[in-house]
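Visitor: Sequence first, then the predicted structure:
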Amino acid sequence: MSDRLILAVPSKGRLMQDTLALFERAGLTIRKIGDERGYRGEIVELPGVDVSFVSASEIAQFLKTGRVHLGVTGEDLVREAMFKVAERVQFLLPLGFGKADVVVAVPDCWIDVRRIADIEEMAHTFRRVHGRRIRVATKFTNTTRRFFATRGVTSYRIIESLGATEGAIVAGTAEMIVDITSTGETLRANKLRILDDGLILPSQANLVASRTIDWRPAAREAENEVIRRLETVVPEAPAEEAGAD
Amino acid sequence: MTAETARRFHALEEQAHEITAVFAAHNYEPVAPAIIQSADVFLDVLGESLRARTYVFTDPDGDELCLRPDLTVPTCRLHVERHPSGDVRARYCYNGSAFRFQPGGGDASHPREFRQAGIESFAASDREKAEADIVAHTIEALRAAGLEEFNLRIGDLGLFNALLAAIGMPERWRQRLRNNFWRPQAFKEELYRLTTAPGGAALGLPKELIDAIVPDDQRKTEQVVDAYLARNNIELIGARTLGEMAANLASLAKDARATPLPPQEAELIESYAGVTAPSRAAGARLKDLMRERGIDISDALETFQRRLELLAKAGVEVSRCQFCANFGRSLEYYTGFVFEIESPVLGDGIAVAGGGRYDGLLKAVGAPYDLPAVGAAIHTERLLDAVRGTGT
């Protein structure tokens, strides 16, 4: 292993654009090496850094397994990707973009279900009437299980959803969902409502460090420089340890 | 996790031989259900908490399968496949691998791959006799494998149900307390809610809606709900019907108008849940407790006593058996008698064997109605460690 710092940034979409723009403002110019369609890059101002363009959910995996030192990705994806989060990664800096809330949403017509506490009894009745458990469609299976376990919701089943989760209810594959939302627009359009206390995790893009990779002094130095520069441009946020394991 | 040595493998094989010989001698038919099970039925029965610890995967054809996290459900499925009505008396025994995800990879007491040896007794009409047999045969198998020192703990959901039935309250409150029995904190909160503000759940609902509901008239309530949805331009989507929502709202409205549970009744339920004593003394103590409060659960208490007599007759040292009213098995499918056996070598909280009654399980895997079912499983790796005195 060399002394170089490996930084993973999102490889496509809004998340990539926002990341590059933020680094740019901080005086860190991220540039691709070789072909524009390639996945390797560098920071012009910091020659000791290698940049990898990786999909946001893969970045969480890379941080967990120690393939990269630093990564820019959503807190929701990191918490979903691993158990024992605090042992494996450290959230260094919320970056102020990529905001999305992981929420529990039910059909708006469930006028008798407003809070998480209303789910369990309804679910027991549902099971008696329909002969099966209530189904929750989500791609956040670990996050959902952990959240429901702490809230005493037990009589349900998760249906793994790979996309268009908000359509699962009309499609008849689930009764409720756990999904991300930024404005709530898509949920409303699909006749869904977020439960009054249904916010599981307010998430945004974070600069995250891996605890499972070998950190050489030179890599630490480069990390400090990246943090120092980013801190000058990220909007001031209360320094709270977000979310629970 | 390290691979097991050939020597340990043989020791486990030999131990399994001792165990199954005991089971076979008591007429349990050996069965070997499939290791790979369809995830759907399995997980619907066991619920999401065990699913979180189950290895689920999709095969190339897109079917969702799992490595069985226990052998009880597969054995139930096997029985219902053979006898679709389920009501044929049968006794089965098994010894085979089960698999559970352990965050962090697991340790000696919590391996992700382990062998379960167990017995199941289905459709036996003398329930206490069947329960006593299961305990006695499990202990006999443990002894045959060389286990000398152990502690037996029992619980009885039948007593709890009888107590709830004897205290005046709406059936849905009993249902709620039963649902929460497995989670002590939630149980406490629910009890507190029932004694202070049973209508609390209705507080977040539009008052005009709750006030308009006529609790005992389902049709009228449905009309109210229907009108409310139309007025607010809310479309009905999903599998839950208008009738289900109306029924649920009716109970919420009833709760909002109900007299809270008297504190002394809640206190009685809490005192009951707190009883932990040697089993014979526990029977006497419960009898006294109920007599003081003028509560009659004598049938359930007699059942409890009769089971103790049958256990003693079957050779179980009842004097050393501990009763624990609050004894909650981690699997919520148990419906009556439950027991657990621990070894002083392995320490508290690590059961060598356990089991109980689960009358809803056969129906959950396809039988037409609830059927008597009671069984037990031995964690054979732990048993080997306990016998050899190499606990962690």
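Guide: Yep, it's here.
Visitor: helix or strand for the residue nearest to the spatial centre of chain A, which one?
Guide: A centroid search over chain A (CA atoms, centre = their mean) returns A:Asp76, at 2.3 Å, as the residue closest to the centre. If you go by DSSP states H and E, A:Asp76 is part of helix A:75-81.
Visitor: and if you look at B:Val22?
Guide: helix B:6-25.
Visitor: And for the spatially closest residue to the residue nearest to the centre of chain A that is not a sequence neighbour, the neighbour number?
Guide: The shortest distance from A:Asp76 to any non-neighbouring residue, by CB to CB, 6 or more residues apart in numbering or on different chains, is to A:Ser203 (3.8 Å). In this view, the C-beta of every residue, glycine as well, is placed from N, C-alpha and C. The local packing of A:Ser203 (other CB atoms under 10 Å in any protein chain shown) involves 24 other residues.
Visitor: my guess is A:Ser203 meets A:Ile180, correct?
Guide: Yes - counting by CB atoms under 8 Å, A:Ile180 is a contact partner of A:Ser203 at 7.2 Å.
Visitor: Which neighbours do the two have in common?
Guide: Jointly contacting A:Ser203 and A:Ile180 under the rule CB atoms under 8 Å, 6 or more residues apart in numbering or on different chains are A:76, A:100-102.
Visitor: Which pair of those spans the longest distance?
Guide: Pairwise distances across those peak at 8.6 Å for A:Asp76 and A:Asp101 (criterion: CB to CB).
Visitor: Off-centre distance for the helix or strand following the helix holding B:Val22?
Guide: Next helix or strand after helix B:6-25 toward the C-terminus (DSSP H and E): strand B:29-30. Here strand B:29-30 is found 24 Å from its chain centre; the criterion is CA atoms, centre = their mean, to the nearest Å.
Visitor: And the contacts of strand B:29-30?
Guide: B:20, B:23-24, B:90-95.
Visitor: ok, now with 10 Å
Guide: Residues outside strand B:29-30 that contact it (CB atoms under 10 Å, 6 or more residues apart in numbering or on different chains) are B:20, B:23-24, B:90-95, B:120.
Visitor: that older thread, just how off-centre is the helix holding A:Asp76 within its chain?
Guide: Distance, centroid of helix A:75-81 to centroid of chain: 4 Å (CA atoms, centre = their mean).
Visitor: Stretch B:169-181 too?
Guide: In this view, stretch B:169-181 has its centroid 16 Å away from the chain centroid, taken as CA atoms, centre = their mean.
Visitor: One more: stretch B:363-380?
Guide: Taking mean C-alpha positions (CA atoms, centre = their mean), stretch B:363-380 and its chain are 10 Å apart.
Visitor: do stretch A:16-30 as well
Guide: For stretch A:16-30, the distance to the chain centre is 20 Å (CA atoms, centre = their mean).
Visitor: Tell me which residue lies farthest from the centre of chain B.
Guide: Ranked by distance from the centre of chain B (CA atoms, centre = their mean), the top residue is B:Arg231, with 44.3 Å.
Visitor: Tell me who's in contact with it.
Guide: B:Glu208.
Visitor: Just the closest residue of the stretch 1-150 of chain B to chain A, please.
Guide: Closest to chain A within the stretch 1-150 of chain B is B:Pro103: 4.3 Å, counting by CB to the nearest CB.
Visitor: Touching, that residue and A:Arg88? I think so.
Guide: No - judged on CB atoms under 10 Å, B:Pro103 makes no contact with A:Arg88 at a distance of 11.7 Å.
Visitor: Pick out whichever of the two has more residues nearby.
Guide: Legend: neighbour count by other CB under 10 Å for B:Pro103 and A:Arg88, higher for A:Arg88 (19 against 11).
Visitor: the strands in the chain, which residues?
Guide: I'll assume chain A. Secondary structure of chain A, counting by DSSP state E: strands at A:5-10, A:30-32, A:40-43, A:46-54, A:70-74, A:89-94, A:100-107, A:134-138, A:156-160, A:176-181, A:192-203, A:205-210.
Visitor: my question was about chain B
Guide: Taking DSSP E as the criterion, chain B carries its strands at B:29-30, B:36-38, B:56-58, B:64-67, B:90-99, B:113-122, B:151-156, B:276-278, B:321-324, B:337-342, B:351-357, B:373-379.
Visitor: Now do the last one against strand B:351-357, angle only.
Guide: Okay, so that is strand B:373-379. 170 degrees (axes from the mean of the first three to the mean of the last three CA atoms, to 10 degrees).
Visitor: residues near residue 12, how many?
Guide: Just so you know, I chose chain A. Using other CB under 10 Å: A:Lys12 sits among 11 other residues.
Visitor: right idea, wrong chain: chain B
Guide: If you count neighbours by other CB under 10 Å, B:Leu12 ends up with 19.
Visitor: Show me the shaky parts of the stretch 151-300 of chain B.
Guide: The model of the stretch 151-300 of chain B has no residue with pLDDT under 70.
Visitor: hmm, back to that, and the helix holding A:Asp76, what does it pack against?
Guide: Judged by 3 or more CB pairs under 10 Å, 6 or more residues apart in numbering or on different chains; DSSP states H and E, helix A:75-81 is in contact with helix A:56-65, strand A:70-74, helix A:85-88, strand A:89-94, strand A:100-107, helix A:141-150, strand A:192-203, strand A:205-210.
Visitor: can you rerun that using 7 Å?
Guide: Packing partners of helix A:75-81 (3 or more CB pairs under 7 Å, 6 or more residues apart in numbering or on different chains; DSSP states H and E): helix A:56-65, helix A:141-150, strand A:192-203.
Visitor: would CSV of these with mean pLDDT and distance to B:Glu265 be doable?
Guide: Compiled in CSV, the helices and strands packed on helix A:75-81 are given as follows (pLDDT from 0 to 100; distance: least, CB to CB, whole Å):
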stretch, mean pLDDT, distance to B:Glu265
helix A:56-65, 95, 51
helix A:141-150, 90, 29
strand A:192-203, 95, 30
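Visitor: joint contacts of A:Asp76 and A:Asp101?
Guide: Taking CB atoms under 7 Å, 6 or more residues apart in numbering or on different chains as the criterion, A:Asp76 and A:Asp101 both touch A:180, A:203.
Visitor: Next one: A:Leu28, what pLDDT does it get?
Guide: We have a pLDDT of 96 for A:Leu28.
Visitor: and if you look at the one 3 residues further on?
Guide: Reported pLDDT at A:Arg31 in the predicted model: 94.
Visitor: same check, this time on the one 5 residues further on
Guide: Here, the pLDDT recorded for A:Glu36 equals 81.
Visitor: Likewise for B:Gly47?
Guide: pLDDT recorded at B:Gly47 is 75.
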